[in-house]
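Q: Sequence below, structure please.
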Amino acid sequence: MISPARRLAARFLLPVVLVLLPLVVALAQTPVPVPAVPESVRPPAKAVTGDPEPDMVTVVPQPAVTDLWRQIRRGVEGKVSIPDPLAGVLIQSEGELWRTLRNGPYRVYSALFLLAVVIALAVFFVLRGRIRLRQGRSGVRIRRFGFFERFSHWVTATSFILLGLTGLNMLYGREVLMPLLGRSGFATLTLYGKITHNYVAFAFMAGLTLLFLQWVWFNLPNRHDIVWLLKGGGLFGGHAPSKKFNAGQKLMFWIVILGGVSLSLSGLQLLFPYQLHFFQSVFRFLESWLALGLPTELTALQEQQLAAVWHGLSGIVMIGVILGHIYIGTLGMEGAVEAMWQGEVDLNWAREHHDLWVEELTRKGVVPQAAE
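A: Residues are numbered from 1 along each chain as shown. Sure, this is the predicted structure:
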């Protein structure tokens, strides 16, 4: 039971609290006014206080400070206590040079190179046409590549096409695709393209390794390669003999292997930034033998910048080479694509392009089976 006194107090205090509470809140939010200083205690605006005026002081940079800023501008790496490999460099002036190169001559000349390759292939096709079988098809098929050889080839080829398209998108997509897809569509495409590029790269490396292990012995140079090159593969001076791979295919093989290794190493350096230092090691090796004046001490950021430029240039050159390879294997030569698509070729095709290889198979007792 509540006593009458408490009831009376509650009835009296509750209205008071309801009235005072908003007032307290309002006062708490109102800034306390600063009392004005009487005018009589303030000195006149231009009064002389008797204190001596300070002399004008000109700060002259000391040699130590000047040297410090000179080192900073040169990108000298200092010591830091945080685990960030880039924090030791405050200013990297070469970064602007890299940006200008990447957005200027690098992109322009890469596009011109690819355009020149396409034009050259088109002109060659107009002048030479498709290379036909002189004797026609014999109806006899001969095995050229086994399943595992073709599997390795198509893994490498498919992954390289994906890498090439996604790489070109990162280089030219803003100007070519963004106007068509819009900002949002282009951003989505580029995001998934970047993810695809990063993971498909390992399939390319695996396929490249398999091709090397299977075909390196067939792509070592021999005396027949010189004759083939002098005759331009049969374009000048009649038939050019060759074994399983002719000199042109051998050049393609080594360009793909060496270019693929270059792409793979520089790509790994970009995938795992600041952990690999391939360029510093290569520059030191070259300087020890040739004295080319290359820098032998590179910062982590300089390594990444060189890797980005080299990776792109290697990719552009490889794309140009592969365009020529695709042309010869499809439009440029009759019956060539069958070797990789079905694993077999017509016997007349093999005799016209790889006659010494056919002779080797004949000596081994490999008898071509008649086509059904």
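
Q: shaky segments in this protein?
A: 1-65, 75, 85, 367-372 (pLDDT under 70).

Q: now the helices for it?
A: With DSSP state H, the ranges of helices along the chain come out as 4-29, 63-73, 94-103, 105-128, 147-176, 178-215, 223-230, 247-271, 278-289, 300-327, 337-341, 347-353, 355-363.

Q: can you redo the ones you listed as a markdown table with distance to A87 and mean neighbour count?
A: In short, each C-beta sits where N, CA and C put it, glycine included. Shown next, in a markdown table, are the helices of the chain (distance: least, C-beta to C-beta, whole Å; neighbours: other C-beta atoms under 10 Å):
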| stretch | distance to A87 | mean neighbour count |
| --- | --- | --- |
| helix 4-29 | 44 | 9 |
| helix 63-73 | 13 | 11 |
| helix 94-103 | 15 | 13 |
| helix 105-128 | 28 | 13 |
| helix 147-176 | 27 | 17 |
| helix 178-215 | 26 | 15 |
| helix 223-230 | 54 | 14 |
| helix 247-271 | 20 | 18 |
| helix 278-289 | 20 | 14 |
| helix 300-327 | 10 | 19 |
| helix 337-341 | 51 | 17 |
| helix 347-353 | 59 | 21 |
| helix 355-363 | 60 | 14 |
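
Q: Could you point out which of those helices sits nearest I82?
A: For I82, the closest of the helices of the chain is helix 300-327, at 14.1 Å, according to C-beta to C-beta.

Q: Please state the offset of the closest one from the chain centre?
A: 7 Å (C-alpha atoms, centre = their mean, to the nearest Å).

Q: Same question for stretch 172-187.
A: Using C-alpha atoms, centre = their mean, the offset of stretch 172-187 from its chain centre is 19 Å.

Q: List the contacts of it.
A: When contacts are defined by C-beta atoms under 8 Å, 6 or more residues apart in numbering, stretch 172-187 is touched by residues R107, A111, N169, L189, T190.

Q: Using PDB, write out every CA atom in it.
A: C-alpha atoms of stretch 172-187 as PDB (Å, rounded to 0.1, in the frame of the first residue of the first chain):
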ATOM      1  CA  TYR A 172      41.900  -1.300 -74.300                       C
ATOM      2  CA  GLY A 173      38.500  -2.100 -72.800                       C
ATOM      3  CA  ARG A 174      37.900   1.300 -71.300                       C
ATOM      4  CA  GLU A 175      37.900   2.900 -74.800                       C
ATOM      5  CA  VAL A 176      36.400   0.000 -76.800                       C
ATOM      6  CA  LEU A 177      33.900  -1.800 -74.600                       C
ATOM      7  CA  MET A 178      32.800   0.800 -72.000                       C
ATOM      8  CA  PRO A 179      30.900   2.900 -74.600                       C
ATOM      9  CA  LEU A 180      29.000  -0.300 -75.600                       C
ATOM     10  CA  LEU A 181      28.400  -1.900 -72.200                       C
ATOM     11  CA  GLY A 182      28.200   1.200 -70.000                       C
ATOM     12  CA  ARG A 183      30.200   1.700 -66.800                       C
ATOM     13  CA  SER A 184      28.400  -0.900 -64.700                       C
ATOM     14  CA  GLY A 185      28.500  -3.600 -67.400                       C
ATOM     15  CA  PHE A 186      32.200  -2.900 -68.200                       C
ATOM     16  CA  ALA A 187      33.100  -3.000 -64.500                       C
END
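
Q: I'd say I257 and L211 touch.
A: Yes. The criterion here is C-beta atoms under 8 Å, and I257 meets it with L211 at 7.5 Å.

Q: can you tell me how far the closest residue in space to H197 that isn't next to it in sequence sits from G136?
A: Nearest residue to H197, sequence neighbours excluded (C-beta to C-beta, 6 or more residues apart in numbering): T166, at 4.2 Å. Applying C-beta to C-beta, to the nearest Å, the value for T166 to G136 is 42 Å.

Q: do V200 as well
A: Distance from V200 to G136, by C-beta to C-beta: 41 Å.

Q: R73 now?
A: Taking C-beta to C-beta, one finds R73 at 72 Å from G136.

Q: so how far is T362 from D355?
A: 10 Å.

Q: Kindly apply the preceding question to T196 instead.
A: For T196, the distance to T362 - C-beta to C-beta - is 46 Å.

Q: M170 too?
A: For M170, the distance to T362 (C-beta to C-beta) stands at 51 Å.

Q: Now do the contacts for E287.
A: Applying C-beta under 8 Å, 6+ apart to E287 gives the contacts G293, L294, T296.

Q: Give me the neighbour count for the nearest residue to E77 once chain neighbours are set aside.
A: Leaving aside its chain neighbours, E77 sits nearest to G88 (4.2 Å; criterion: C-beta to C-beta, 6+ apart). Applying other C-beta atoms under 10 Å, we find 15 residues neighbouring G88.
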